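Participant: sequence and predicted structure, then a few things I'm wondering about:
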Amino acid sequence: GEDVEQSLFLSVREGDSSVINCTYTDSSSTYLYWYKQEPGAGLQLLTYIFSNMDMKQDQRLTVLLNKKDKHLSLRIADTQTGDSAIYFCAESMDAGNMLTFGGGTRLMVKP
Amino acid sequence: KAGVTQTPRYLIKTRGQQVTLSCSPISGHRSVSWYQQTPGQGLQFLFEYFSETQRNKGNFPGRFSGRQFSNSRSEMNVSTLELGDSALYLCASSLEKNTGELFFGEGSRLTVL
């Protein structure tokens, strides 16, 4: 079955880079996503990558996909205190908008 | 453009009662999905509606149901509430099906006593 795993917690200093990792088990995943959830709020789509891509860059965000190892990562450059939030990776297999989410990684940015 | 609106934001019910949650998608969005978020199970997919038809359903008991109206607004209902149904229920809308680009509301926090 589908399973998406993330580490629970990451702490970085302001200005450093953050790397949040995710592993998934289903090799037929077509789309992989990163969502951000701030306290008391819903989820916000940050970026996504198609399974036929290795990398995608969007301003301070870089997504790397290693299909062989089923590993996805999100790098945030020049991390700011406003980046403190929970980050979820998610996969979809063309089954409409039915996403399987990881448990989320809580990113804490220290000034 | 207004975002996804969910009502009510907070509610308290007792075991055995039923609850109806409402979701108004972003104007023009035709797909509405529902997710349950709990500390133990994380985010779990409940169901998705597109053009008033249920397209997908997650692994939840029949006590969980939903529907979508012609204006794309959606409701979900949980009957015979159990303590374990306490959760944040998130609604997400999307312009079309098969995009995964979901726009989430702030959620309805249900507490079952």
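Facilitator: Received it, and whenever you're ready, just let me know what you need. If you're wondering where the values come from, they're calculated on a predicted model, not measured in any experiment.
Participant: tell me who's in contact with A:Thr79.
Facilitator: A:Val12, A:Arg13, A:Glu14, A:Gly15, A:Asp16, A:Ser17, A:Ser18, A:Leu107, A:Val109 (C-beta atoms under 8 Å, 6 or more residues apart in numbering or on different chains). Placement of C-beta: from N, CA and C, glycine included.
Participant: kindly recompute the last result at 6 Å.
Facilitator: Counting by C-beta atoms under 6 Å, 6 or more residues apart in numbering or on different chains, A:Thr79 makes contact with A:Val12, A:Asp16, A:Ser18, A:Val109.
Participant: show the buried residues in these.
Facilitator: Using 16 or more other C-beta atoms under 10 Å in any protein chain shown as the burial test, the contacts of A:Thr79 include A:Val12, A:Ser18, A:Val109 as buried.
Participant: quick check: which element contains the first one?
Facilitator: Pointing back at A:Val12 there. strand A:9-13 (DSSP states H and E).
Participant: on that earlier part again, from the contacts of A:Thr79, which ones fall inside strands?
Facilitator: Assigned to strands by DSSP state E, the following of the contacts of A:Thr79 qualify: A:Val12, A:Ser18, A:Val109.
Participant: could I get the pLDDT score of the last one?
Facilitator: The score at A:Val109 is 97. That number is its pLDDT.
Participant: wait, it touches A:Ser84, no?
Facilitator: Yes: counting by C-beta atoms under 6 Å, A:Ser84 is a contact partner of A:Val109 at 4.8 Å.
Participant: ok, and for stretch A:12-31, which residues are buried?
Facilitator: Quick answer for stretch A:12-31 (16+ other C-beta under 10 Å): A:Val12, A:Ser18, A:Ile20, A:Asn21, A:Cys22, A:Thr23, A:Tyr24, A:Ser29, A:Tyr31.
Participant: hang on, the third one in a strand?
Facilitator: Yes: if the criterion is DSSP: H, G, I helix; E, B strand; the rest coil, then A:Ile20 is within a strand.
Participant: name the nearest residue to whatever residue of chain A ends up closest to chain B, ignoring sequence neighbours.
Facilitator: Closest residue of chain A to chain B, C-beta to the nearest C-beta: A:Gly42 (3.2 Å). Spatial nearest neighbour of A:Gly42, excluding adjacent residues (C-beta to C-beta, 6 or more residues apart in numbering or on different chains): B:Phe104 at 3.2 Å.
Participant: enumerate every residue touching B:His36.
Facilitator: Heads up, residue B:36 is Gln, not His. B:Gln44, B:Leu46, B:Ala87, B:Tyr89 are the contacts of B:Gln36 under C-beta under 6 Å, 6+ apart.
Participant: which strand or helix spans the first one?
Facilitator: In this case it means B:Gln44. Using DSSP H and E, B:Gln44 falls in strand B:42-50.
Participant: and what of the last one?
Facilitator: Secondary structure assigned from DSSP H and E places B:Tyr89 in strand B:87-94.
Participant: and that strand, what's its mean pLDDT?
Facilitator: For strand B:87-94, the per-residue pLDDT averages 95.
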